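Enquirer: Model the structure of this input:
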Amino acid sequence: MIKIKLYESEIHRNETTFRPFLKAINLFRDVGIEFTNSDDYDYAFVGQASIIDKKKSLKESVEKGLEFVSKITGDYMIVDGQDATTLIGTIDVFRESNAFLYLKNTYLKDFDLYKQGWANGRYYWGEGNYSVPDIDDLKPKMKLTGCNWLHTIQPNWLDYGSEKPYDISCMFGYPTKTPVYEHDVCQTDYYDPHRKKLMDILEGKYKIAGLVNGDRIPIEKYYQKMYESKIIMAPLGYGEMAPRDLESAMFGGVLVKPDMSYISSEPFIYEDNETYIAVNYDWSNLEEKIDYILSDYNNIRDRLVGNMRKQYEEKYDLRNLVLHFYNILKSLDGVETQ
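Expert: Below is the predicted model of the structure:
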């Protein structure tokens, strides 16, 4: 039995990172892999929450992360379970550490893009301050985790609903109440304008279910508004994937969000005009896409939502995660698997 320790598994962002593995804990045991909190282990998972502190400068965050991993005596992997393709913070610790693997939920398909400077490493935010010029040297040790944020949700497929009084659900936080900083860069400067432009295009033209001034509402009301909406808008935030993406299929709404084709993740169920409708990040073709959906709503809804549900059931089967990670271990020198 190969024992893998989960460091600080109770910390919020580590908990969501490790959750898919723990959901499949019995399936992993069947192939000789056991997750533990014990100090008796063969390898360890170190989640991103243990090694990055977004409230500090990048330099200070990396120093803190390196101090944490320096205390680990056994072999370990860094596991970045964030919902974004950016490598900021975690890859910087990995580069200087003794970790033998870097596992991440999502990458840019084209690794050469990491050599260019993007705003805190987020490709969709445009040119900016962060790049990984040595990505070619790091790439051989970089693997996909085999899971992502959609694994953290347990969907309950509802009937599509015959009455949907709202054209579009815009049930997301906007405007941001307090500026959000990541390593001294104000993310709100990128986050809010994306949403403002979306709302400027939609308001007055369609019937919208939204939040008043971005204020939170009880989860039951949030779900009810989504269920009553024909289209679920999912702007990009601090990452590309979000629970809302799967909730759209749960509530029988058509998912519309910026094009996801530049992303690599496993599993991956974002197929334009098959499981969702892709639009340009600057929303330049949004009205055209919205009008297309509403012109033949029932047929488009039935096809896209049906496809999303089917693909989720097939691709997010936890046995696929177990096989993916099993094959990663099997490929390592000196590791014996059952």
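Enquirer: Off-centre distance for the longest helix belonging to the chain?
Expert: Once the chain is assigned using DSSP state H, the helix that runs over the most residues is helix 297-315. Mean-position distance between helix 297-315 and its chain equals 20 Å (C-alpha atoms, centre = their mean, to the nearest Å).
Enquirer: mind exporting that helix as PDB, just the C-alpha atoms?
Expert: The C-alpha trace of helix 297-315 is given here as PDB (Å, rounded to 0.1, in the frame of the first residue of the first chain):
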ATOM      1  CA  TYR A 297     -34.400  28.200 -26.900                       C
ATOM      2  CA  ASN A 298     -36.000  24.900 -26.100                       C
ATOM      3  CA  ASN A 299     -34.100  22.900 -28.700                       C
ATOM      4  CA  ILE A 300     -30.800  24.500 -27.900                       C
ATOM      5  CA  ARG A 301     -31.400  24.100 -24.200                       C
ATOM      6  CA  ASP A 302     -32.300  20.500 -24.500                       C
ATOM      7  CA  ARG A 303     -29.300  19.700 -26.600                       C
ATOM      8  CA  LEU A 304     -26.600  21.600 -24.600                       C
ATOM      9  CA  VAL A 305     -27.900  20.800 -21.100                       C
ATOM     10  CA  GLY A 306     -28.400  17.200 -22.000                       C
ATOM     11  CA  ASN A 307     -24.900  17.000 -23.400                       C
ATOM     12  CA  MET A 308     -23.400  18.700 -20.300                       C
ATOM     13  CA  ARG A 309     -25.100  16.300 -18.000                       C
ATOM     14  CA  LYS A 310     -24.100  13.200 -20.000                       C
ATOM     15  CA  GLN A 311     -20.500  14.300 -20.300                       C
ATOM     16  CA  TYR A 312     -20.300  15.100 -16.600                       C
ATOM     17  CA  GLU A 313     -21.600  11.700 -15.600                       C
ATOM     18  CA  GLU A 314     -19.200   9.900 -17.900                       C
ATOM     19  CA  LYS A 315     -16.000  12.000 -17.500                       C
END
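Enquirer: following that helix, which helix or strand comes up?
Expert: Reading on from helix 297-315 to the C-terminus, the next helix or strand found by DSSP states H and E is helix 318-330.
Enquirer: so how far is that next one from its chain's centroid?
Expert: Helix 318-330 has its C-alpha centroid displaced from the chain centroid by 19 Å (C-alpha atoms, centre = their mean).
Enquirer: and it, what other elements does it pack with?
Expert: Judged by 3 or more C-beta pairs under 8 Å, 6 or more residues apart in numbering; DSSP states H and E, helix 318-330 is in contact with helix 12-23, helix 25-30, strand 33-36. For every residue, glycine as well, the C-beta is placed using N, CA and C.
Enquirer: measure residue 273 to residue 279 for me?
Expert: Here the criterion is C-beta to C-beta, to the nearest Å. By it, residue 273 lies 11 Å from residue 279.
Enquirer: Kindly report the same for residue 50.
Expert: With C-beta to C-beta as the criterion, residue 50 and residue 279 are 36 Å apart.
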